[in-house]
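# Next input, structure requested:
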Amino acid sequence: MEVKCAPVPVEKPTVEKIPNDDKSQHRRAGESERAKSSQKQVKRIAEHHWLGALIEEHTEKDLPERTQHRADMLRQRQQANLERILKLAYESCQDESAREPDPDWLTRFFDAAQNISGTAMQRLWAQILKLEVMQPGATSLKALSILRDLTHREAQLLQRACALATSFGNESSRKIITGYRVETGWKQLFKPSKPERLSLGEYQLSYSSLMQLVELG
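As a prediction, the model looks like this:
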């Protein structure tokens, strides 16, 4: 049995034309609202970090008290960051053999890790601590300094680079192979073959990403 449906008429929405003067007023109102919103955002940040006294113009707390409040809040946040990183490191450890890390290394680690608030980056720092407990000296102080300034995106680039890195023979350093050359026969002595380039972009590690990692050290 064939069933035919009659088309349902659709009413076209009416569009109210706004005069040019009204359009400019609407535009100015939108710009004013965006400016107002940005002001609110800056004000919220200032208040949250105890830096909004000059914005508010009316505050019951004097400068030394505001300074103390901000210092206390910063120390509490740093303490919370370190506690979360240590908890993540503890949860990732099993029954692996471990040794005592160098005290100076731990001091530098805590100084750098206390300002890491993002969850993903905290997991990275937890793995760094776990590795150092298992193999003291695995992460140098210079590496800690570099990792401290990494963004989440840069840390992901570093992770991809590490996954593609390899070592040769007894070398301790790891390298990323960007090309290779096939040499067979005595003819190669007179006319070496052209190197074959590897496309690391297929592994989400572009040339620009490599240059970015080089700039980071």
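
# Around residue 209, how many other residues sit close by?
19 (other Cβ atoms under 10 Å). (Each C-beta comes from the backbone N, C-alpha and C, glycine too.)

# Does residue 144 touch residue 116 like I think?
No - if you go by Cβ atoms under 8 Å, residue 144 and residue 116 don't touch, sitting 11.6 Å apart.

# who has more neighbours, those two?
More crowded of residue 144 and residue 116, by other Cβ under 10 Å: residue 116, with 22 against 18.

# any idea how far the more buried one is from residue 100?
According to Cβ to Cβ, to the nearest Å, residue 116 and residue 100 sit 23 Å apart.

# swap in residue 121?
Separation of residue 121 from residue 100 (Cβ to Cβ): 25 Å.

# other SSEs contacting the helix or strand residue 213 falls within?
Using DSSP states H and E, residue 213 maps to helix 207-216. With contacts taken as 3 or more Cβ pairs under 8 Å, 6 or more residues apart in numbering; DSSP states H and E, helix 207-216 sits against helix 152-164.

# Show me what the helix it packs on packs onto, helices and strands only.
The contact analysis (3+ Cβ pairs under 8 Å, 6+ apart) places helix 152-164 against helix 119-134, helix 207-216.

# Give the buried residues for that helix.
Buried residues in helix 152-164, counting neighbours by 16 or more other Cβ atoms under 10 Å, are found at 154-155, 157-158, 160-161, 164.

# can you tell me which of these lies nearest to residue 112?
residue 155 (13.3 Å; Cβ to Cβ).

# Show the contacting residues for that closest one.
Residue 155 makes contacts with 120-121, 124, 147, as judged by Cβ atoms under 8 Å, 6 or more residues apart in numbering.

# Dump stretch 65-85 to PDB, keeping only the CA atoms.
C-alpha atoms of stretch 65-85 as PDB (Å, rounded to 0.1, in the frame of the first residue of the first chain):
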ATOM      1  CA  GLU A  65      46.700  42.300  55.700                       C
ATOM      2  CA  ARG A  66      46.000  42.000  52.000                       C
ATOM      3  CA  THR A  67      49.600  41.000  51.300                       C
ATOM      4  CA  GLN A  68      49.400  38.300  54.000                       C
ATOM      5  CA  HIS A  69      46.100  36.900  52.700                       C
ATOM      6  CA  ARG A  70      47.600  36.600  49.200                       C
ATOM      7  CA  ALA A  71      50.800  35.000  50.500                       C
ATOM      8  CA  ASP A  72      48.700  32.500  52.600                       C
ATOM      9  CA  MET A  73      46.500  31.700  49.600                       C
ATOM     10  CA  LEU A  74      49.600  31.100  47.300                       C
ATOM     11  CA  ARG A  75      51.200  28.800  49.900                       C
ATOM     12  CA  GLN A  76      48.000  26.800  50.300                       C
ATOM     13  CA  ARG A  77      47.700  26.400  46.500                       C
ATOM     14  CA  GLN A  78      51.300  25.300  46.200                       C
ATOM     15  CA  GLN A  79      50.900  22.800  49.100                       C
ATOM     16  CA  ALA A  80      47.700  21.400  47.400                       C
ATOM     17  CA  ASN A  81      49.600  21.000  44.100                       C
ATOM     18  CA  LEU A  82      52.400  19.100  45.700                       C
ATOM     19  CA  GLU A  83      50.100  16.900  47.600                       C
ATOM     20  CA  ARG A  84      48.200  15.900  44.500                       C
ATOM     21  CA  ILE A  85      51.400  15.200  42.600                       C
END
